[in-house]
Structure formats: structure tokens, C-alpha cells
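**Student:** Here you go, sequence then predicted model.
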Amino acid sequence: MNSLDQITPQQKTYFAQYLLDWYDKNKRKLPWRDTKDPYKIWLSEIILQQTRVDQGMPYYRAFIETFPRIQDLAHANEEQVLRLWQGLGYYTRARNLHRCAKYIYDELGGNFPKTYAELIKLPGIGPYTAAAIASFAFDEATAVVDGNVFRVLARVWGIQLEINSTSGKKTFTNLANELVPANRVGDYNQAIMEFGALHCQPKGAKCGECGLASQCHALQHKLVDKLPLKKKKPQARQRYLNYFIIGDGERFWLRQRQDKDIWKNLFEFYLIESEELVENFEIFLPKLKPLFPDFVLESKSRLYKHVLSHQHLHVRFYHLNTPNACVENVLPSNYSLYTIEEIRQLPKPILIHKYLEHCVFSLNLTKI
DNA sequence: AATCCGGGGCT
DNA sequence: AGCCCAGGATT
């Protein structure tokens, strides 16, 4: 492995200059480049967290059109911001975006903080985003360290440290900052990320046509597909969420999830969670019977089953559609009855998870 | 230090 | 269908 102090000043200069030249030739034209407007740069960076350019672009345009200036965003209500964000995921980004706009407009008189140290204090702005805004908008010589930068640095300099460990992050950040050139800081930061996104990709890196090939540690040691190193996280506990859509066709049992655990505040149907996969529906009958005395599977009800999976979460829906389902006094605590119309009007990404949305909007929740 | 937050792309 | 991706906040 290369140690940092083995990198000569000549190597550093060549590295930065190569990336800048590469960037000049290969950069994509993006609406948030070629601007120094911190509002536009900030907005684009928040959208681009965990989001690809292609996916984020329409959202960026919609936000700029709806909120051309930071005061427009600051004056909006949260509901409006969340609806524009709908479909992007990670909704706390939208809440923090709005909070941050209000703070900058109301408390700072609309003056965007200009330094990394000030920016990182703002909600939704961490080390990466603070460095991006500080360097793109204000030419501060501070390195961005995102997934692309981890990958490019790990490969070129042969850094075999885990990028998701605290010490690994620190080392990569230090190296990144040592490599930042004296001029064109913003362009350099854009360049290394663009290079990682378009050329030195996670898979299928274009090493054959790479000007850094002769000094790339990973290429020379056949480590391109191995780097960057990442600490494996132990397999998450598999969770089986068995939902029972219990209703008479007009009203359904629903509750809002509590603050702990996943899907905070989101609505859900009657839930029986199990440690393992339950294939046989009959297993649940003893639990359902007391709550649901009128329930007769054999004759009066219809059963639909839908199965959805994501990561360690396995979600099953049993749709039990029977008459006399909504006896108030057997309703379990913290569940309430909601009409179909009330369910449909709950804001989709904010209060209804995609799984439940699938159920509410594609299953036919009608009277039998 | 570990866990949660949501989408989409790739195989 | 099952992996992989990865900034920031929270605990």
C-alpha cells in the first residue's frame, strides 16, 4: 500500500491537473454548474445526496421553477415542499431543506453562510455538502469527500482502508485535502466526482483509456474491482410483517406507527410481526379470532395475499373483507377506524409507505 | 459506532 | 428477486 508521505509533490500536481483537463473535456452540462449562486448549488447538492443526476434533475428544475429564490422556499409551507419532493425518498432532506431556508432567510437576512465551518452547522448539511458549497460557491480550498472520491482515491493511491470506518474516513479526508490544488478548487472538486461517476465507476472502470493508468496503484496490482474496501455489516435481522387489512369495505383498522423503530409516524393496517416466514395463514387465526369474533374465513370472507420484499423487510398483506368487521369494542388499542376516502387522502410519501400505498391504491378495497 | 432513512440500477 | 449504492441525523 502507498503511504501518504510516499506521494511526491509532482505526483499530486499531475493528478490534480489530469483531473482538471479530463473535466474540461468530459464534463456534463448541468444547470447547477457554471453558477456561483449558493442557493442553486445548495439545492442541487441536497437533491443529489444519495440520488443520481438523472433522477434528481426533474426535481431540481421543479424546485427552481416553484422557488426561484431562497425567500420563496422560506415562505412556503412544509406540506408544499414535501409534495414537490414526493418520489425522491429520504424525506428528512426536504424537511431540513425547508428548515434551512427559513433559518437563512429569517435569521441571517438571506445571506448564505460562506465558510465550511459555518455551513456545516446548518440542518441537512454535513461534511460533504459543506465542502461542496464552500468550494463551488465561495472557492474555499476544502475537499469534497463523497462516494466517488473514496473510490478514485482508494484506487489511484492504493488506500486499503475501509471507507465506512471512522479512521478510514479520516484518512481519506486528509488525503483528499492534501491533493486539492491551489487554484480552480471548485472545478477540481467537481472533476474528481465527475471522473468517479463517468470514468472510474464502481464497475467497468475505463482503465484502458485512463491517463492515470501508469500511476494507478489498483490497476497495477489488479485491485480495481476490490477497491474501495468496505466493512461488511452483519446481515440485518429478517423481519416479517404480516398485515391484515380488516374492514367491511367502508372502514378499515389503521394506526400510526410510534416514534421508535422503522416507518416512524407512517400509517399501517393491523400488524402481526413474526420472526420467521409464516406461509400458513392458519397460524394467525388464534390471534385474530378474539379481536374479530365475526370473522369466518371459510364462508363469508375473501382472502387476498400480496407479498413484497425489500432488504430485510418482508411484507405480506392479507385482505380480509367481511361484513360486521368494524365492531368498535373489539378494536385493539391505538387502532382506529378509517374510511377508504380518509385513507386515500393521507399524504402519500409522508404518511403512507409505498407498501401500504400499493395496497390502498391497487387492491380493490370495496364492499363485498 | 451502529442504525435508520427511500428510491433506482444492475445482475 | 436479491444485491448494491451512501450523506446526514440520531441514538
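**Tutor:** Arrived safely.
**Student:** Only C-alpha atoms from now on, for both contacts and neighbour counts.
**Tutor:** OK.
**Student:** how about the strands in chain A?
**Tutor:** For chain A, the strands defined by DSSP state E cover A:239-247, A:251-256, A:267-268, A:270-274, A:302-310, A:313-321, A:336-339.
**Student:** To residue A:150, which of these lies closest?
**Tutor:** Residue A:150 lies closest to strand A:302-310 among the strands of chain A, at 26.9 Å (CA to CA).
**Student:** Mean pLDDT per element in chain A, and the minimum belongs to which helix or strand?
**Tutor:** Counting by mean pLDDT, DSSP states H and E, chain A has its least confident helix or strand at strand A:302-310, which shows a mean of 52.
**Student:** give me the residue from chain A nearest DNA strand B.
**Tutor:** The nearest approach of chain A to DNA strand B comes at residue A:262, 2.8 Å away (CA to the nearest atom of the strand).
**Student:** quick one: low-confidence parts of the stretch 201-350 of chain A?
**Tutor:** Low-confidence segments of the stretch 201-350 of chain A (pLDDT under 70): A:233-237, A:249, A:259-260, A:291-311, A:319-331, A:333, A:348-350.
**Student:** tell me the contacts of the nearest residue to residue A:111 once chain neighbours are set aside?
**Tutor:** Excluding its sequence neighbours, the residue lying closest to residue A:111 (CA to CA, 6 or more residues apart in numbering) is residue A:104, at 6.5 Å. Residues in contact with residue A:104 (CA atoms under 8 Å, 6 or more residues apart in numbering) are A:110-112.
**Student:** again, only using 10 Å
**Tutor:** A:70-71, A:74, A:110-113, A:122 (CA atoms under 10 Å, 6 or more residues apart in numbering).
**Student:** near DNA strand C too, which of these?
**Tutor:** Contacts with DNA strand C within the contacts of residue A:104, counted by CA under 7 Å from any atom of the strand: residue A:122.
**Student:** Dump the contacts of residue A:104 to TSV, plus pLDDT, distance to DNA strand B and neighbour count.
**Tutor:** Listed next are the contacts of residue A:104 as TSV, based on pLDDT from 0 to 100; distance: CA to the nearest atom of the strand, whole Å; neighbours: other CA atoms under 10 Å:
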residue	pLDDT	distance to DNA strand B	neighbour count
A:70	97	23	22
A:71	96	25	16
A:74	97	21	22
A:110	93	27	17
A:111	96	28	13
A:112	96	25	19
A:113	97	25	19
A:122	97	17	18
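**Student:** Let me know which of the strands of chain A is the nearest to DNA strand C.
**Tutor:** Taking the strands of chain A one by one with CA to the nearest atom of the strand, strand A:302-310 is closest: 5.5 Å.
**Student:** distance of the residue of the stretch 151-300 of chain A found nearest DNA strand C from residue A:50?
**Tutor:** Relative to DNA strand C, the nearest point of the stretch 151-300 of chain A is residue A:202 (6.3 Å; CA to the nearest atom of the strand). Residue A:202 sits 15 Å away from residue A:50, going by CA to CA, to the nearest Å.
**Student:** Between those two, point out the one with more neighbours.
**Tutor:** Neighbours per residue (other CA atoms under 10 Å) separate residue A:202 from residue A:50, with residue A:202 holding more: 18 against 14.
**Student:** How about stretch A:126-144 and DNA strand B, any contact?
**Tutor:** No: Stretch A:126-144 does not reach DNA strand B (CA under 7 Å from any atom of the strand); its nearest approach is 12.4 Å.
**Student:** hang on, the earlier thing: which ones among the contacts of residue A:104 lie within helices?
**Tutor:** A:70-71, A:74 (DSSP state H).
**Student:** nearest to DNA strand C, of those?
**Tutor:** Of the ones in helices among the contacts of residue A:104, the one sitting nearest to DNA strand C (CA to the nearest atom of the strand) turns out to be residue A:74, at 17.1 Å.
**Student:** unless I'm mixing things up, the closest one is touching residue A:95, no?
**Tutor:** No: counting by CA atoms under 10 Å, residue A:74 stays clear of residue A:95, with 11.4 Å between them.
**Student:** Helices of the stretch 51-200 of chain A, start to end?
**Tutor:** Counting by DSSP state H, counting those that start in this stretch, the stretch 51-200 of chain A has helices at residues A:53-66, A:70-75, A:78-85, A:92-102, A:116-119, A:127-138, A:147-157, A:166-179, A:185-198.
**Student:** Looking at those helices, which is nearest to residue A:343?
**Tutor:** helix A:78-85 (16.9 Å).
**Student:** Just give me how far stretch A:98-110 sits from the chain centre.
**Tutor:** 24 Å (CA atoms, centre = their mean, to the nearest Å).
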